[in-house]
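Q: Below are the sequence and a predicted model for it; my questions follow.
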Amino acid sequence: MVASAALVSGMHLASENFDIVKRWSNEIQEAVQSKHPLVQFHAVGLLHMLRQNDRLAVNKMVTNLTRGQIRSPLAQCLLVRYVADVIGGSQAPEGGELRPFYEFLEGCLRHKAEMVIFEAARAITELNGVTTRELAPAITVLQLFLSSSKPVLRFAAVRTLNRVAMTNPLAVTNCNIDMEGLISDQNRSIATLAITTLLKTGNEGSVDRLLKQIVTFIGEIGDEFKVVVVDAIHSMCLKYPQKHRVLMSFLSNILRDEGGFEYKKAIVDTILMLIRDIPDAKESGLAHLCEFIEDCEFTSLSTQILHLLGKEGPKSSDPAKYIRYIYNRVILENATVRASAVCALARFGFECENLRERVIILLERILYDNDDEVRDRATFFLAQLKGEVESNPSIAFGRLHCPLSSLEKSLREYLNTSEDAPFDIATVPAAPVQPVADSKAQNKAKVGHPPVIQETEEEKAELFEAQLGTIPQLAGLGKLFKSSAPFELTESETEYHVTCVKHIFPSHVVFQFECTNTIEEQVLDDVSVEVDLSGMEGFEEQENIPLKRLLCGVPGSAYVCIEKSSAGPVNGKIPCLLRFTVKEIDPSTGEPEEDGFEDDYQLEDLDVLSADFVRKAAVPNFKNGWEELGEEVEVVDEYGLGIKNGLEETIEMVTGILGLQACEGSDCVPPNARSHTVLLAGKFVGDVKVLARLSFGIDASGNVAMRVAARGDTKEVAETIHGIISEA
């Protein structure tokens, strides 16, 4: 006990006077070999604390301890965690080789102490990019824990499997029978985790049965576990869109139950996803949300739903039925909700000619509201609807052309400068500011929390469309079809950093070059990008819009608008040259000199790919859509992809190249599968639908073969899918 107390004292002392404790290294090493479990546990912890800032020393310590005799289960658990940290900081080996120290973790799965077995299994499941082969022994051990007589072991196992199911649902399917036995467990936490895991791993036929079982106990569990249930249902909605009626009915029922904000928000977000991705679910989803806001006590949810009603309601089969629900919010709610209701009402007036007079009457009543914001919005919309000012819905309802994070950053930079010129919102970059996060925290979030609903390609296109609409030369190009992710045309360490975003329109392509000057002693004027289109047939430069001034550290955008004469996708490389006028900054005044000199900077070639002209599109029923297109527009071919690490990695690579949406959860590959079929759907520019069936097979040596069958609204579109694969 004395030795253990001394080691604990050393841990506390190390935070105040590290050097003193570091001198005890030899004594701590001896304590690690102690026969007493608690002394060994504290010695391993203190030894790691002294070396945690030296990666090489930690690796050496872990190597020595894994070869030694650690008898204490607590010390062994610590060692497992340190091993997991070392593995997490190293790159996964290629060619199917095992990671360093993985054999140690696998050996711990056969330890006599249950805590060590569980710690090793949990560490394996949380490894970065864990493969099915690596997961298999951990899943087997956790499956045995599911039938344990100890509630703590059952809870730990099902909770870990629940997390694994978020990223590798097929790896957990072997445990489904054992988890079904836990649905009736007396511990409701275990039952909840079991049924939510089954929702992620079960098949389409089990949905109805599982939902009926959830209803029996969802009222008895806390909000934290209710959110877990809703997140699992959200995953099932994405996997089995054909079940949207059953799932929508279940969600609407639990939406009426008592619950906190996070619980209600999770339900609303799932219903919004169903409305967005499944057209057949829109009418029923809007009706359920209208009923919910009648008694909703959360302001943010009410405003979110009112915004959706204003956006989708006018496009529905009977827009008039939603006006009553919206106007009730004006009468009964607080000022924030009333203001949102005014905007939603105005949308009906703008988009539904037959309802305009009714909307005007309602807005006139709102003019006497006791809140300034509500009155101002009503006055503004009335003036537009009555024709007293020029009616322009895009001004009233248009989105900001830039993300709020970028706007905030640009405003802060503007306030820190000494310039007297007014702030120009057109200079705000379109790319959002990415928060810097710790890689370990990112991995933990990835494993332990449900996936965040990401912005769809259509929503990204709306954001960029609003930004490009503020530029007069680009305002008349039509509806934006797709915008690519930003990609670099220079190295990040160079003096001039340039990234490019490709915006695809029906008959134009706009290249947005975001430039950053990193040299403090100069500013760049008249910054433009010269593109060489000699190798691009059917491409003709229409506009080249330069950036007037590029200050140090403040990003700015230059644009090149290309007119595309051919209707279909094109591909090729475009050489690019950055041109600008350099003006040195006078050290005495801090202002740029009047005279400058012209200069240029060679950029990487800009790749235009056929995949740039296709975007993801959800299909509620792939089989029906496939049969509707017919065999006459089908194009089939076979490809040899060479030696790959596995089908899962190959499928992820191919779907990424094609840029299509995986349907019905077909992108999930069963463990140890030797063949698999993926169903993909998308749309080409011009709203041309395309579907593809990709069948993969892998032999014992790792050679992968692929058969692609594509159908589209036209046979040319199906042929383009094969062209994209050939280009890659």
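A: Nice, thanks for sending it over. Residues are numbered from 1 along each chain as shown.
Q: Just confirm V359 contacts I326, I think it does.
A: No. Using CB atoms under 8 Å, V359 makes no contact with I326, being 9.8 Å away. C-beta: built from backbone N, CA, C; applies to glycine.
Q: Touching both of those two, which residues are there?
A: Contact with both V359 and I326 is made by residues 345, 348, according to CB atoms under 8 Å, 6 or more residues apart in numbering.
Q: quick one: which of these two has more around it?
A: Neighbours were counted for V359 and for I326 using other CB atoms under 10 Å; I326 has more, 25 against 22.
Q: and the helix or strand hosting the more buried one, C-alpha only, in CSV?
A: Per DSSP states H and E, I326 falls inside helix 320-332. The C-alpha coordinates for helix 320-332 follow below in CSV (Å, rounded to 0.1, in the frame of the first residue of the first chain):
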residue,chain,number,x,y,z
ALA,A,320,-54.2,26.3,-49.0
LYS,A,321,-54.5,23.8,-46.2
TYR,A,322,-51.1,24.9,-44.7
ILE,A,323,-52.0,28.6,-44.3
ARG,A,324,-54.3,27.9,-41.3
TYR,A,325,-51.4,26.2,-39.4
ILE,A,326,-49.0,29.0,-40.2
TYR,A,327,-51.4,31.8,-39.3
ASN,A,328,-52.1,30.2,-36.0
ARG,A,329,-48.5,30.7,-35.1
VAL,A,330,-48.9,34.4,-35.7
ILE,A,331,-51.7,34.5,-33.2
LEU,A,332,-50.4,32.2,-30.5
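Q: helices or strands next to that helix in the packing?
A: helix 282-293, helix 299-312, helix 335-351, helix 356-366 (3 or more CB pairs under 8 Å, 6 or more residues apart in numbering; DSSP states H and E).
Q: is it possible to export the ones you listed to TSV including distance to Q29 and mean pLDDT?
A: Shown next, in TSV, are the helices and strands packed on helix 320-332 (distance: least, CB to CB, whole Å; pLDDT from 0 to 100):
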stretch	distance to Q29	mean pLDDT
helix 282-293	63	89
helix 299-312	56	90
helix 335-351	63	91
helix 356-366	77	90
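Q: So, low pLDDT: which residues of this protein?
A: Scanning the chain for pLDDT under 70 picks out the ranges 90-98, 389-402, 426, 429-463, 466, 567-568, 671-672, 728.
Q: ok, now with 50
A: 435-454 (pLDDT under 50).
Q: picking up where we left off before, any buried residues in the helix holding I326, and which?
A: By neighbour count on 16 or more other CB atoms under 10 Å, the buried set for helix 320-332 is 322-323, 325-327, 329-330.
Q: Can you show me the helices along the stretch 401-550 of the chain?
A: 404-416, 439-448, 457-468 (DSSP state H, counting those that start in this stretch).
Q: can you check the stretch 151-300 of the chain too?
A: 151-167, 176-180, 188-201, 207-217, 223-239, 244-255, 261-277, 282-293, 299-312.
Q: Helix, strand, or coil at L680?
A: Of the three states, L680 takes strand under DSSP: H, G, I helix; E, B strand; the rest coil.
Q: Check S317 too.
A: Classified using three-state DSSP, S317 is coil.
Q: start the count at 58, not 1, going forward
A: Taking 58 as the first residue, the last one we looked at is S374.
Q: Now do the closest residue to it other than its chain neighbours against G367, distance only.
A: Closest residue in space to S374, ignoring its immediate chain neighbours: E340 at 6.9 Å, by CB to CB, 6 or more residues apart in numbering. Distance of E340 to G367, computed by CB to CB, to the nearest Å: 16 Å.
Q: got it, and Q361?
A: 11 Å.
Q: the more surrounded of these two?
A: G367 (23 against 18).
Q: these two touch, right, the more buried one and C400?
A: Yes. Assessed by CB under 8 Å, G367 is found in contact with C400 at 6.0 Å.
Q: Look at the nearest residue to S540 once chain neighbours are set aside and say how many residues are nearby.
A: Nearest residue to S540 in three dimensions, chain neighbours excluded: F521, at 4.4 Å (CB to CB, 6+ apart). Neighbour count of F521, defined by other CB under 10 Å: 21.
Q: tell me the contacts of C409?
A: By CB under 8 Å, 6+ apart, the residues touching C409 are 371, 376-377.
Q: Output the residues you listed as JSON lines; include the columns distance to M305.
A: Shown next, in JSON lines, are the contacts of C409 (distance: CB to CB, whole Å):
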{"residue": "P371", "distance to M305": "22"}
{"residue": "P376", "distance to M305": "21"}
{"residue": "A377", "distance to M305": "23"}
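Q: Of the residues you listed, which is the nearest to F538?
A: If you rank those by distance to F538 using CB to CB, P371 comes first, at 23.1 Å.
Q: Are we agreed that the closest one is in a helix?
A: Yes. Assigned with three-state DSSP, P371 falls within a helix.
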